[in-house]
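Trainee: below is the sequence, then the predicted model.
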Amino acid sequence: MEDPKIKTEIKHSKSKSAWNIVGTKLGGKYKIARVPYIKVEDSTFITECNSLEAQRHAEYISFCFNNSKKILEHAFGNF
């Protein structure tokens with residue numbers, strides 16, 4: 001497995017119900033992943049729960065990219 005060496009951050013999509021994991025390096029790959037969630041028009045509570053769950057998933061994905069070297073060293077030893 002190869003270390004992607006990408007640093008990321010999380011931003012809410014401006015046009016969709018989704019959290020985006022985006023690269024921070026200028027000129028690098030920008031959107032790494034999108035974690036969508038469903039908006040329920042009649043329930044702000046359910047929409048908020050869906051959004052928070054999607055945000056937690058986005059945080060996990062971003063954490064993995066930002067700590068890829070440590071993760072790979074732990075899983076496969078030094079490489």
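Mentor: Structure's in. What do you need? Residues are numbered from 1 along each chain as shown.

Trainee: please report phi then psi for the residue nearest to Ala18 when sequence neighbours are not counted.
Mentor: For Ala18, ignoring the flanking residues on the chain, the nearest one in space by C-beta to C-beta, 6 or more residues apart in numbering is Pro36 at 4.2 Å. C-beta coordinates here come from the backbone N, C-alpha and C atoms, glycine included. Backbone geometry at Pro36, expressed as degrees, to the nearest 10, gives phi -80, psi 160.

Trainee: can you count the residues close to Pro36?
Mentor: For Pro36, the tally of surrounding residues (other C-beta atoms under 10 Å) stands at 13.

Trainee: pLDDT score for it?
Mentor: In the prediction, the pLDDT value recorded for Pro36 is 98.

Trainee: please apply the same query to Asn78.
Mentor: pLDDT for Asn78: 71.

Trainee: how many other residues sit next to it?
Mentor: The local packing of Asn78 (other C-beta under 10 Å) involves 5 other residues.
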